[in-house]
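# starting from these lines, generate the structure:
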Amino acid sequence: MTQTPSLLKRITDTRPSENTLFVYLTLVTATYLIWLGLLKFTAPEHQQIEYWLGGSPLFSGLVHALGAPFTGLLMALFEVPAGILVLLGLKNLRLGIIGSLMAMLIFLLNFLYLFTNPVWMDALGGFPIIGSGQNLLKYLSMFAVATYILGHHMHVAGKDKTAGSIKRLAVLASFAGIALVMGWIGAMKFYEFEAQGIVRLMQSNIFFSWTYQIWDVQGASNFIGIVEWIFLLLLLCLPFNRVLGGLGVLGIAATAFGTLTFMFSVPGWDADSFFPLLNRTGVFVLKDQLLLAAAIILWKNY
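As a prediction, this is how the structure comes out:
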């Protein structure tokens, strides 16, 4: 009777080493930045630049003056080198610091669209009913990942006090970022617009299509929202109960794996395109892998 809890405790008590976590975070962050940076040369990304940067008072003048394709080029010339520098940080401390700072800036600027662009569903009363801005919520956890990488570099540089402060910021941002995504987007699952919006993702996927055999469209969406809330509540137990918190991390890992399968079932590229030229669904899925990275940061530090 005691073997199962004991096994579960051994699993949840397992922590990655600091170096293993650093390498993992570096690879995930570098892959995202280089991949998304190269996509800035594609027409679908130019449309996203028009929508997000062109709709932001911070960048609209730049887009209107230069045009989306040239703005995309400038973005690629910042994002791709940032990813390369993050990757080179595995071997070179100074380049890694520069790369992680650039990554933090990229993720923070994208998160700011939440406050500068029309992301609320006015037909449903506006804030806090969020529509197109759901993707933006993930940038806070992505910022946390880049921040943790910087903290590791500061530790290696012998600046332990600075490293400790930066890592504490990363842990706080990880908690806040995951709470925003799992809590807020989970809450949206109880609204009809979101229930209808995820049908195309779930109906064609072997891991989710079964929900429509049990519930209607809204019921299946409610189920997903409840599951996301449960995983979040479990994760929030991590500072107090590692077993429950570990289950939350495993739940978020399962969520990240589940969304990763959308890449191939939806798929994550358009009919007239091909992998690795991702569409909005593909980019959405890729961001979830950094959400998992933020959860692992928490797992390591509690």
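# now Trp120. Nearest residue, chain neighbours left out?
With sequence-adjacent residues excluded and distances taken as CB to CB, 6 or more residues apart in numbering, Trp120 is closest to Gly126, at 4.4 Å. Where you see a C-beta, it was placed from the backbone N, CA and C, and this is true even at glycine.
# SS state for the one you found?
Under DSSP: H, G, I helix; E, B strand; the rest coil, Gly126 falls in the coil class.
# what about Asp160, how many neighbours?
For Asp160, the count of nearby residues is 10 (other CB atoms under 10 Å).
# nearest spatial neighbour of it, skipping sequence neighbours?
Leaving aside its chain neighbours, Asp160 sits nearest to Met154 (7.9 Å; criterion: CB to CB, 6+ apart).
# name the residues of stretch 50-60 that are buried.
Neighbour-count burial for stretch 50-60 flags 50, 52-54, 56, 59 (criterion: 16 or more other CB atoms under 10 Å).
# return the member of these nearest to Ala256.
Ala256 has its nearest neighbour among those in Trp52, at 23.9 Å by CB to CB.
# show the pLDDT at the residue nearest to that closest one when sequence neighbours are not counted.
Distances taken as CB to CB, 6+ apart place Tyr113 nearest to Trp52, at 5.5 Å, with adjacent residues excluded. For Tyr113, the model assigns a pLDDT of 93.
# Tyr113: neighbour count?
By other CB under 10 Å, 21 other residues sit near Tyr113.
# wait, it touches Asn135, no?
No - counting by CB atoms under 8 Å, Tyr113 sits too far from Asn135 to count as a contact (9.3 Å).
# okay, Leu286: pLDDT?
pLDDT, Leu286: 86.
# cool, Pro276 as well?
69.
# how long is stretch 201-221 end to end?
Using CA to CA, to the nearest Å, the end-to-end distance of stretch 201-221 comes out at 11 Å.
# and it, how far from the chain's centre?
Centroid separation between stretch 201-221 and its chain, computed with CA atoms, centre = their mean, to the nearest Å, is 23 Å.
# quick check: buried residues in that stretch?
Residues 201-202, 205, 208, 211, 217, 220-221 are the ones in stretch 201-221 that count as buried (16+ other CB under 10 Å).
# got phi/psi on Ile130?
Here is the backbone geometry of Ile130 (degrees, to the nearest 10): phi -100, psi 140.
# where's the closest residue to Ala146 other than its chain neighbours, which helix or strand?
Spatial nearest neighbour of Ala146, excluding adjacent residues (CB to CB, 6+ apart): Ala103 at 3.8 Å. Using DSSP states H and E, Ala103 sits in helix 93-116.
# tell me the mean pLDDT for the very next helix or strand once past that helix?
Per DSSP H and E, the first helix or strand lying C-terminal to helix 93-116 is helix 139-156. What helix 139-156 shows for mean pLDDT is 97.
# now the strands for this protein?
Assigned strands in the chain: none (criterion: DSSP state E).
# thank you, goodbye.
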